[in-house]
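Visitor: Need a 3D model of the following:
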Amino acid sequence: MEKTYSLTAHYDEFQEVRCASKYNSGTLPNGFNLQLGAGAKKPRRGLPRWTRREICLLSALVFAAGLCVILGCVLLLKYLAMERAAYCLEGCQEKKAFVKASLFIANNIDPTIDPCKDFYSFACGSWLHRHSIPEDKLHYGIIATVGEQNEEKLRRLLQRPVRRGSRASAERKVKEFFRSCRDMGEIDRLGPRPMLEVIEDCGGWDGPATGRQARWDFNELLYKTQGVYSTAVLFSLTVNLDDKNSSRYVIRIDQDGLTLPERTLYLGQDEESEKILAAYRLFMERLLGLLGAEHVAQKAEEILQLEQRLANITVSEYDDLRRDISTMYNKVTLGELQRITPTLKWKRLLDRIFHDNFSEEEEVVLLATDYMQKVSELIRSTPSRILHNYMLWRIVVVLSEHLSTPFRDAIHELSREMEGTEKQMELDKMCLSQANKHFGMALGALFVEEYFSSSSKAKVQQLVEDIKHTLDQRLDELDWMDEETKRAARAKLQYMMVMIGYPDFLLKPDAIDKEYEFEVHEKTYFRNILNSIKFSIKLSVKKIRQEVDKSAWLLPPQALNAYYLPNKNQMVFPAGILQPTLYDPEFPQSLNYGGIGTIIGHELTHGYDDWGGQYDRHGNLVHWWTDASYSKFLKKAQCIVNLYDNFTVYNQRVNGKHTLGENIADMGGLKLAYYAYQKWVREHGPEHPLHRLKYTHDQLFFIAFAQNWCIKRRSQSIYLQVLTDKHAPEHYRVLGSVSQFEEFGRVFHCPKNSPMNPAHKCSVW
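Guide: Numbers count the residues shown, from 1 in each chain. Next up is the predicted model:
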């Protein structure tokens with residue numbers, strides 16, 4: 001730089017001299033000595049003669065070049081920094097997710113317990129020790145925490161301002177419905193009046209006054225209960241797919257009409273059922289008193305005795321007759337139905353409910369023929385006043401939860417005696433539950449818009465396909481199933497419909513509005529409920545003449561559930577269950593396959609259990625097994641029945657036959673998800689170890705499966721769970737599944753004949 005500077009300075013002086021020489025005949029002034037550098041004596045010949053403008057341009061170019069170099073370096077450094085940041089962001093995000101997963105697993109397990117002795121206590125021990133059951137719940141578990149997260153999201157959505165405020169807007173209706181439910185001031189102000197209006201509409205307690213010689217019309221009240229208030233009295237009346245022709249809807253009639261959840265509770269067979277029966281009697285008297293009935297103790301006793309007579313003719317869900325749909329299914333004409341149950345006027349009833357004019361040749365499906373014959377006799381032999389009060393009572397039971405505080409307190413007292421609930425559900429939670437029940441899809445549209453992405457849908461779809469592919473391979477390996485049956489089983493797998501996340505119509509607000517074409521107002525909660533019931537009946541009865549839509553959803557997308565429908569050959573996984581920690585796209589795949597993957601496998605296996613296996617690829621009730629293969633299936637299923645029959649909880653024996661379908665699905669789902677995960681590892685390579693955990697990813701798979709079922713239950717509620725739930729208690733859902741899977745023993749190095757690795761194992765799929 002110094003040399004350049006010198007050149008520029010002296011070049012300026014030289015230009016001045018050249019200008020002067022014009023006037024001095026080319027001579028230089030005496031004493032001028034042009035300096036080119038240190039020690040120079042005279043100017044160098046051939047030096048370019050540049051103007052001042054050129055010198056300025058040159059300086060600018062030099063400066064610009066330097067500036068470009070500097071800016072280029074800055075940009076290069078910034079680009080490299082961004083690359084490092086992006087790499088770090090992706091890597092750090094994965095690292096954070098793995099650390100989170102590691103903490104989740106570590107906080108739940110109890111490493112002091114030998115997994116080969118009691119895998120459930122090993123996988124869930126720490127969680128069970130650290131958590132208690134909330135006062136307003138019967139049970140609480142890891143899945144319940146997913147539900148709590150979903151509920152909080154839904155509450156926030158409901159409390160946001162309405163965006164579509166038109167009269168027809170489903171969004172407006174669900175938010176106004178929620179506000180009407182939370183307005184306890186208005187609900188308490190009305191007290192029993194809304195229900196008294198319903199009772200008056202149905203003829204009042206004891207029916208029309210005998211003093212006026214009024215004629216009581218049983219069939220008119222039956223229409224009101226079934227066709228106006230959607231209440232099952234004496235029997236259920238529904239519209240569903242025809243099990244033997246799933247391309248059409250049909251009217252189905254089945255046993256129903258009991259208020260308590262199981263017939264044996266009416267029979268007083270043990271101390272616990274006697275206690276529940278006494279609590280139920282007090283509950284009846286309390287509600288009858290709140291609703292202005294006279295002689296409440298007498299009415300309660302008469303209604304209870306009628307329900308006990310119904311319980312005596314009801315077939316238990318444990319019975320083999322209720323597990324074989326082929327035996328239950330009886331398609332009859334209206335004329336034949338009338339002959340089976342002569343005290344009921346079927347044509348009059350169905351014509352009014354369905355706004356139709358049915359012929360006597362109209363076919364219906366009767367699922368409880370013997371029961372309905374006995375119901376017809378019971379109707380004939382029961383005094384009309386008692387029959388009337390029973391039918392009215394059934395409406396009261398269905399609707400009383402929507403009334404004022406005294407009614408809700410009475411319901412809670414019964415629940416506390418039956419199941420041990422310490423505290424009523426908070427108002428916000430209860431109203432959210434009602435919003436889900438009456439406006440499920442409207443609320444679901446808000447949920448998926450905010451909390452479920454199309455990318456998650458695609459990833460779960462791939463997981464489902466992997467598990468279906470695994471079942472396809474497993475069919476080849478089964479030595480007990482012949483080739484003809486395997487072909488039918490594989491055809492059913494190929495035809496199986498899978499629906500993930502949400503139905504597409506939720507992306508169209510106008511389509512959602514059509515699902516809720518009834519009035520809703522903020523100050524009329526009870527009326528809102530009645531309007532919803534009336535509209536649901538309207539939609540249901542319209543189906544009888546409509547084509548079947550096999551893509552229709554039973555549950556809204558926010559539901560924390562999944563299901564398989566055999567008469568549609570359809571699996572559904574709503575967005576509500578595809579949430580952390582059951583499914584997290586950033587978690588290791590071992591946890592996703594062990595979490596949501598085993599649930600997917602569970603639902604898939606339902607298509608091949610003792611109930612779903614009775615339906616073919618089109619959802620029709622068709623025996624697609626060869627006799628030889630079905631005989632072997634029943635033998636393998638009996639092994640599972642025997643296994644679960646030996647499990648006890650609080651001195652109650654688990655019913656292996658009653659829980660068989662769910663147990664087959666648990667065991668099959670675990671295997672399918674595990675083998676699907678092994679396929680994923682082969683295709684993508686081993687996963688990185690989890691932070692500070694000594695367990696392999698194969699072991700983590702089984703831990704994730706078990707932690708799906710980390711649940712605490714109130715001891716009182718366990719009695720009803722074992723009595724009525726088709727799922728085994730959670731402890732045995734885990735132990736029964738892992739102990740029968742050879743790969744579990746290998747992965748955890750369990751000695752032969754240890755509790756989790758018995759020598760003899762049951763296996764179907």
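Visitor: Can you give me the pLDDT of Y516?
Guide: With respect to pLDDT, Y516 has a value of 96.
Visitor: That one and K538 touch, don't they?
Guide: No - judged on Cβ atoms under 8 Å, Y516 makes no contact with K538 at a distance of 11.7 Å. (C-beta placed from N, C-alpha, C; glycine too.)
Visitor: Those two: which has the busier surroundings?
Guide: A direct count of neighbours by other Cβ atoms under 10 Å for Y516 and K538 places Y516 higher, at 23 against 12.
Visitor: What segments of the protein are strands?
Guide: In the chain, the strands defined using DSSP state E lie at 139-141, 235-242, 245-255, 330-333, 363-366, 497-501, 563-565, 570-574, 648-649, 652-653, 711-713.
Visitor: which residues sit against the fourth one?
Guide: I take that to be strand 330-333. Here strand 330-333 makes contact (Cβ atoms under 8 Å, 6 or more residues apart in numbering) with 242, 244, 250, 340, 360-367, 369.
Visitor: could you dump those residues to TSV with pLDDT, distance to I577 and neighbour count?
Guide: Formatted as TSV, those follow (pLDDT from 0 to 100; distance: Cβ to Cβ, whole Å; neighbours: other Cβ atoms under 10 Å):
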residue	pLDDT	distance to I577	neighbour count
D242	95	29	22
K244	95	31	17
V250	96	30	19
I340	96	42	16
E360	93	46	12
E361	94	44	9
E362	94	39	20
E363	95	37	15
V364	96	35	20
V365	96	31	20
L366	96	35	21
L367	95	30	19
T369	95	38	16
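Visitor: Relative to F407, which of those is nearest.
Guide: Nearest to F407 among the contacts of strand 330-333: L367, at 33.1 Å, using Cβ to Cβ.
Visitor: how close does the closest one sit to Y266?
Guide: 21 Å (Cβ to Cβ, to the nearest Å).
Visitor: can you list the weak-confidence ranges in the chain?
Guide: 1-58, 60-66, 68-69, 71-94, 208-215 (pLDDT under 70).
Visitor: let's see it at 50
Guide: Where the chain drops to pLDDT under 50, the residues are 1-47, 83-90, 211-213.
Visitor: follow-up on the earlier one: closest one to H618 among the strands of the chain?
Guide: strand 245-255 (6.1 Å).
Visitor: List the neighbours of the closest one that are in contact with it.
Guide: 235-242, 314-315, 331, 337, 350, 363-368, 371-372, 543-544, 546-548, 550, 567-568, 618-620.
Visitor: if we can go back for a sec, using TSV, please lay out the strands of the chain together with distance to Y732.
Guide: Shown next, in TSV, are the strands of the chain (distance: least, Cβ to Cβ, whole Å):
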stretch	distance to Y732
strand 139-141	15
strand 235-242	31
strand 245-255	29
strand 330-333	35
strand 363-366	35
strand 497-501	29
strand 563-565	22
strand 570-574	25
strand 648-649	8
strand 652-653	11
strand 711-713	12
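Visitor: Quickly compare the ones you listed and say which is most buried.
Guide: Among the strands of the chain, judged by mean count of other Cβ atoms under 10 Å, the one packed with the most neighbours on average is strand 570-574 (a mean of 24).
Visitor: partners of it, with directions?
Guide: With DSSP bridges as the test, strand 570-574 is paired with strand 497-501 (parallel), strand 563-565 (antiparallel).
Visitor: In stretch 426-442, which residues are buried?
Guide: M430, C431, L432, Q434, A435, N436, H438, F439, G440, M441, A442 (16 or more other Cβ atoms under 10 Å).
Visitor: Could you do stretch 642-662 as well?
Guide: Result for stretch 642-662 [16+ other Cβ under 10 Å]: buried residues 643-644, 647, 649, 652, 654-662.
Visitor: Sounds good, over and out.
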